[in-house]
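# Pasting the sequence and the predicted model now:
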Amino acid sequence: MDMLAMQLVRTYGAEVLDSPEFRKAKEQKHHHVTTVGDHSLGVAYVSVKICRFLNAMHIKTDTESIVRGALCHDLGIVGRYEKFSNNLVCWQKHPKESVRVAGELLGDLNEREKDMIRHHMWPTTPVPPHCREGYVIVIADKYCAVREVTARMKEKYKKKKESDRVS
Ligand SMILES: [Fe+2]
Ligand SMILES: [Fe+2]
C-alpha cells in the first residue's frame, strides 16, 4: 500500500468520503465482489498513483480534482434499480447522473471534474474526456474493474475446486 497516495485520497476526498452519499455507496454491491464505495476508493487510489508517475515525468495533473472526480464517478449508480430500467440504461446514463449527484454533494464542482465524471466510461460510451485528468480516471477505472472481475473469477474457481474435492 502506497501510504502517501492513500493520504492524498483521504485529504482531497474528505468532503466526499464523509458524505451520506458515499456511505450509501459503501453499502451497494458492485462487480459482485466489492461495493460502489470501495471500487471508487480504489479508482481514486490508482489515479493518484498514475498522477505521481506522470508528475515524475514532468506531466502535470490536477490531483485534487482527480481524487474528487474518482470518488464521485460512480455515485450515480447508487440506487440503480430505482433509477434505471435495466443494466444497459444504467451503463449509458449513470455518468450523467454521477455529475448531478457530485454537483449536489460538492456544490463547487469544476468543469474538469464534471468532464472526467461525465466521460469516464469511454471508450464504451462514444465521447472521450477533454482533459488529461479524464484519461487518468478512464485507465484507473478499467484497471480496477478488471481486477475486481478477476477476483470474482478466482473466487468461483476456488469454490469449484473445493466442491470437486469433497464430491
Ligand atoms: Fe462507471
Ligand atoms: Fe467505476
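Noted; the coordinates are in hand. Ligands and ions are numbered 1, 2, ... in the order given.

# number of nearby residues for Asp2?
Using other CB atoms under 10 Å, Asp2 has 13 other residues around it. Yep, even glycine has a C-beta here, placed from its N, CA and C like the rest.

# residues contacting it?
Shown in contact with Asp2 (CB atoms under 8 Å, 6 or more residues apart in numbering): 45, 48-49.

# Counting neighbours, which of those residues comes out on top?
Val48 (26 neighbours).

# gap between it and ligand 2?
When distance is defined by CB to the ion, to the nearest Å, Val48 is 16 Å away from ligand 2.

# Check Ala56 too.
Taking CB to the ion, one finds Ala56 at 26 Å from ligand 2.

# likewise Thr34?
10 Å.

# on that earlier part again, what about the contacts of Asp2, which are in helices?
45, 48-49 (DSSP state H).

# Make a markdown table out of those residues and add pLDDT.
Shown next, in a markdown table, are the ones in helices among the contacts of Asp2 (pLDDT from 0 to 100):
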| residue | pLDDT |
| --- | --- |
| Tyr45 | 98 |
| Val48 | 98 |
| Lys49 | 97 |
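
# Could you write out the alpha-carbon coordinates of stretch 142-162 in PDB?
Only the C-alpha atoms of stretch 142-162 are listed here, as PDB (Å, rounded to 0.1, in the frame of the first residue of the first chain):
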ATOM      1  CA  LYS A 142     -10.800   0.000 -16.200                       C
ATOM      2  CA  TYR A 143      -7.800  -1.400 -14.200                       C
ATOM      3  CA  CYS A 144      -9.900  -1.700 -11.000                       C
ATOM      4  CA  ALA A 145     -12.900  -3.200 -12.900                       C
ATOM      5  CA  VAL A 146     -10.700  -5.900 -14.400                       C
ATOM      6  CA  ARG A 147      -9.100  -6.600 -11.000                       C
ATOM      7  CA  GLU A 148     -12.500  -6.900  -9.400                       C
ATOM      8  CA  VAL A 149     -13.900  -9.200 -12.100                       C
ATOM      9  CA  THR A 150     -10.800 -11.400 -12.000                       C
ATOM     10  CA  ALA A 151     -11.000 -11.700  -8.200                       C
ATOM     11  CA  ARG A 152     -14.600 -12.900  -8.700                       C
ATOM     12  CA  MET A 153     -13.500 -15.500 -11.200                       C
ATOM     13  CA  LYS A 154     -10.700 -16.700  -8.900                       C
ATOM     14  CA  GLU A 155     -13.200 -17.000  -6.000                       C
ATOM     15  CA  LYS A 156     -15.600 -19.100  -8.200                       C
ATOM     16  CA  TYR A 157     -12.700 -21.300  -9.400                       C
ATOM     17  CA  LYS A 158     -11.600 -21.800  -5.800                       C
ATOM     18  CA  LYS A 159     -15.100 -22.800  -4.700                       C
ATOM     19  CA  LYS A 160     -15.500 -25.200  -7.600                       C
ATOM     20  CA  LYS A 161     -12.100 -26.800  -6.800                       C
ATOM     21  CA  GLU A 162     -13.200 -27.200  -3.100                       C
END
